[in-house]
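**Q** After the sequence you'll find the predicted model.
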Amino acid sequence: MDYEKLVFRSGIEIHQQVDGKKLFCSCPTINSQKEPDIRVERKLRTTASELGKIDAAAQYEAGKNLKFIYEANSEDCCLVEYDEEPPHAVNPNALRTALTVALLLNARIVDEIRFMRKIVIDGSNTSGFQRTALIATDGFIETSKGKVLIPTICLEEEAAQKVEAGKDFIRYRLDRLGIPLIEIGTDASIKDPEHAKEVAAYLGMVLRSVGVKRGLGTIRQDLNVSIKGHPRVEIKGFQELKSIPRTIENEVKRQVSEAGKATEPHVRKAEPDFTTSYLRPMPGADRMYPETDVLPIKPDASSITIPKLLTERAEEMKGLGISSELSLQLVKSNKLVFFESLSSEFKHLEPEIIAQTIIVTPKEVKKRFKSEEPSEDHIRLALKALDKGEISKDALVEVLAALASGKEADLKKYAKLSEKELDNQIKEIIKENKGLPLNALIGKAMERLRGRADGQLIVSIIKKLYK
């Protein structure tokens, strides 16, 4: 499709959870999976804003007349989540993280932060509203297709998690409710579906650079899409970057097929098959009003040290002799601090070997031995033995597999052979297998000596002795 001819316009909203404590209480952001020990039932109704108007999206949800069942575990929920107690002071660490993100996105931090109440009547907030605050404006990023502006960066509270929906009820888990959420909104200058994916990937990289919460469901993307003659729609529910281009393509096709029809701006859901489905009318300004339970904040970013982006860290890793691909994998993981700790502790080991053992070897262990991936303690123990020369690097996979299975690894079994011992072992293998071709001898030697000597050294000695 010719997206320029279609006058394609698209912007993206990124929602990223922040680890630590919740935004308005001291409950941890662990999002407990334990059995609920709390249950609350409620119904919600909408109210008019300060302007005397009722938001269309809120009125649409209220018209369903649903009962909301809230369940939670007390290890990460308190009276604030049940809306039985006013919000506490804003989590300073979450605020600092949001301000750091704003600086990385070249944004201007506002003079005063004021939280607002955003009316939400779908049951995802026990109070009937979500607390949100503008943190910074006028940011931008550079992309392969030009500058993309970032008009708003907000800090808000995460919603409850829907676990079941019936004819007249919805059941939610409250453990996610209140986790700090950074919202980044771009302007509509995204040029096409692949450009949207690029922008989302870059913003995700910036967020990971400040150490935000990681794991499935901790980051979500919403997309605003329109073409000439069709009103803007907001598509919610993207979990994976790879689904963005195909979903946009299908949405544009849908809008093209409805050309000439009278349609209103609305919200749609991203489906697993890359299509979209209607959710509700587009919310407007009528749903916002000031939060009187949270004091205004004068932000101070003067003491914030801007961290290096993960892309910059990857370049540093390459400077240590680590391959480009492995460098990117390392910085995108949450293992960078662990890598730095091991590099400091085991100075005889090459950084590439340490990085491989952290990122690649655990997957190989899981695949080859059908076991759990080794823990950081297992990796440290195996690298300590390698650093002391007690095992060869070729023994790492088997040593870690033994440790991951809960066994106490017998390092003597994997003891590294001296060059003299290795030479004698190979001579014995050649003697036992007279007449075998070179490659077959190498296979025999590898089978017997696996993990006790470097593979390249084994091949080198065999080639030298083979006649």
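**A** Sure thing, it's come through. Residues are numbered from 1 along each chain as shown.

**Q** From residue 94, how far off is residue 455?
**A** The gap separating residue 455 from residue 94 is 49 Å, by CB to CB, to the nearest Å. The C-beta positions use only the backbone N, C-alpha and C, and glycine is treated the same way.

**Q** More neighbours: these two, which one.
**A** residue 94 (25 against 16; other CB atoms under 10 Å).

**Q** OK, contacts around that one?
**A** Residue 94 makes contact with 18, 20-21, 23, 155, 180, according to CB atoms under 8 Å, 6 or more residues apart in numbering.

**Q** Also residue 430?
**A** Contact partners of residue 430, counting by CB under 8 Å, 6+ apart, are 441, 462, 465-466.

**Q** which among those end up buried?
**A** Buried by 16 or more other CB atoms under 10 Å: 441, 462, out of those.

**Q** from the contacts of residue 430, which single one is nearest residue 348?
**A** Distance ranking of the contacts of residue 430 against residue 348, using CB to CB, places residue 462 first at 27.1 Å.

**Q** From what I see, that closest one and residue 442 are in contact.
**A** Yes. The pair residue 462 / residue 442 is scored as a contact, 5.6 Å apart, by CB atoms under 8 Å.

**Q** Kindly point out which residues are neighbours of both of the two.
**A** Common contact partners of residue 462 and residue 442 (CB under 8 Å, 6+ apart): none.

**Q** same for the lengthiest strand in the chain, what does it pack against?
**A** Secondary structure of the chain per DSSP state E: the longest strand is strand 129-143. When contacts are defined as 3 or more CB pairs under 8 Å, 6 or more residues apart in numbering; DSSP states H and E, strand 129-143 sits against helix 92-104, strand 108-109, strand 115-119, strand 146-157, helix 193-208.

**Q** got the ones you listed as JSON lines, with mean pLDDT and distance to residue 278 columns?
**A** Listed next are these as JSON lines, based on pLDDT from 0 to 100; distance: least, CB to CB, whole Å:
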{"stretch": "helix 92-104", "mean pLDDT": "97", "distance to residue 278": "32"}
{"stretch": "strand 108-109", "mean pLDDT": "97", "distance to residue 278": "37"}
{"stretch": "strand 115-119", "mean pLDDT": "92", "distance to residue 278": "20"}
{"stretch": "strand 146-157", "mean pLDDT": "97", "distance to residue 278": "25"}
{"stretch": "helix 193-208", "mean pLDDT": "95", "distance to residue 278": "21"}
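
**Q** For residue 290, find the nearest of the ones you listed.
**A** Closest to residue 290 of those, according to CB to CB: strand 115-119, at 5.9 Å.

**Q** Listing partners with orientation, what would you give for that closest one?
**A** Strand 115-119 has these partner strands in its sheet, going by DSSP bridges: strand 129-143 (antiparallel), strand 288-290 (antiparallel).

**Q** which of these sits most buried?
**A** Ranked by mean neighbour count, the strands paired with strand 115-119 are led by strand 129-143 with a mean of 19 (mean count of other CB atoms under 10 Å).

**Q** And stretch 300-312, what's buried?
**A** By neighbour count on 16+ other CB under 10 Å, the buried set for stretch 300-312 is 309-310.

**Q** end to end, how far does it reach?
**A** End-to-end distance for stretch 300-312, by CA to CA, to the nearest Å: 26 Å.

**Q** Could you number the chain from 592 rather than 1 from now on?
**A** Okay, residue one is now 592; in that scheme the one you just asked about reads as stretch 891-903.

**Q** what residues does it touch?
**A** Taking contacts as CB under 8 Å, 6+ apart, the residues outside stretch 891-903 that touch it are 687, 690-691, 693-695, 700, 796-797, 799-801, 907, 922-923.

**Q** Which of these has the largest number of neighbours?
**A** residue 693 (26 neighbours).

**Q** show me what contacts it?
**A** By CB under 8 Å, 6+ apart, the contact set of residue 693 is 700, 726-727, 730, 744, 892.

**Q** For residue 730, see how far away it is.
**A** Residue 693 sits at a distance of 7 Å from residue 730 (criterion: CB to CB).

**Q** list the residues that contact both of these two?
**A** Residues touching both residue 693 and residue 730 by CB under 8 Å, 6+ apart: residue 744.

**Q** Secondary structure class of the spatially most central residue of the chain, three-state.
**A** In the chain, the centroid-proximal residue (CA atoms, centre = their mean) is residue 805; its distance is 4.4 Å. The local conformation at residue 805, judged by DSSP: H, G, I helix; E, B strand; the rest coil, is coil.

**Q** for it, phi and psi?
**A** With angles defined as degrees, to the nearest 10, residue 805 sits at phi -120, psi 160.

**Q** Check residue 762 too.
**A** Phi and psi for residue 762, reported as degrees, to the nearest 10, are phi -110, psi 130.

**Q** who's it bridged to?
**A** On the basis of DSSP bridges, residue 762 is bridged to residue 660, residue 755.

**Q** check contacts around it.
**A** By CB under 8 Å, 6+ apart, the neighbours of residue 762 are 659-662, 753-756.

**Q** Report pLDDT for residue 1058.
**A** If you check residue 1058, the pLDDT there is 62.

**Q** for the stretch 792-941 of the chain, what spans make up the helices?
**A** Here the stretch 792-941 of the chain has its helices, by DSSP state H, counting those that start in this stretch, at 834-848, 901-910, 915-923, 927-936.

**Q** what packs against the longest one?
**A** The contact analysis (3+ CB pairs under 8 Å, 6+ apart) places helix 834-848 against helix 784-799, strand 810-817, strand 824-829, strand 857-861, strand 867-872.

**Q** The same query, at a cut-off of 7 Å, please.
**A** In terms of contacts (3 or more CB pairs under 7 Å, 6 or more residues apart in numbering; DSSP states H and E), helix 834-848 is packed against helix 784-799, strand 810-817, strand 824-829.

**Q** average pLDDT across stretch 652-663?
**A** pLDDT averaged over stretch 652-663 gives 89.

**Q** Stretch 1031-1039 too?
**A** For stretch 1031-1039, mean pLDDT is 76.

**Q** follow-up on the earlier one: check contacts around the residue nearest to the centre of the chain.
**A** For residue 805, the contacting residues are residue 925, by CB atoms under 7 Å, 6 or more residues apart in numbering.

**Q** Repeat the analysis, applying 10 Å as the threshold.
**A** Applying CB atoms under 10 Å, 6 or more residues apart in numbering to residue 805 gives the contacts 608, 610, 798-799, 923-925.

**Q** Select from those residues the entry with the lowest predicted confidence.
**A** Lowest pLDDT within these is found at residue 925 (79).

**Q** any idea how far residue 799 is from that one?
**A** 8 Å.

**Q** quick one, domains of the protein?
**A** According to automatic domain parsing, the chain comprises the domains 600-881, 901-1005, 1010-1056.

**Q** rank these by pLDDT, which is bottom?
**A** The weakest mean pLDDT among these belongs to domain 1010-1056, with a mean of 76.

**Q** end to end, how far does that one reach?
**A** Separation of the first and last residues of domain 1010-1056 by CA to CA is 14 Å.

**Q** where's it relative to the chain centroid, distance-wise?
**A** A distance of 46 Å separates the centroid of the chain from that of domain 1010-1056, by CA atoms, centre = their mean, to the nearest Å.

**Q** again with stretch 875-887
**A** Stretch 875-887 sits 29 Å away from the centroid of its parent chain (CA atoms, centre = their mean).
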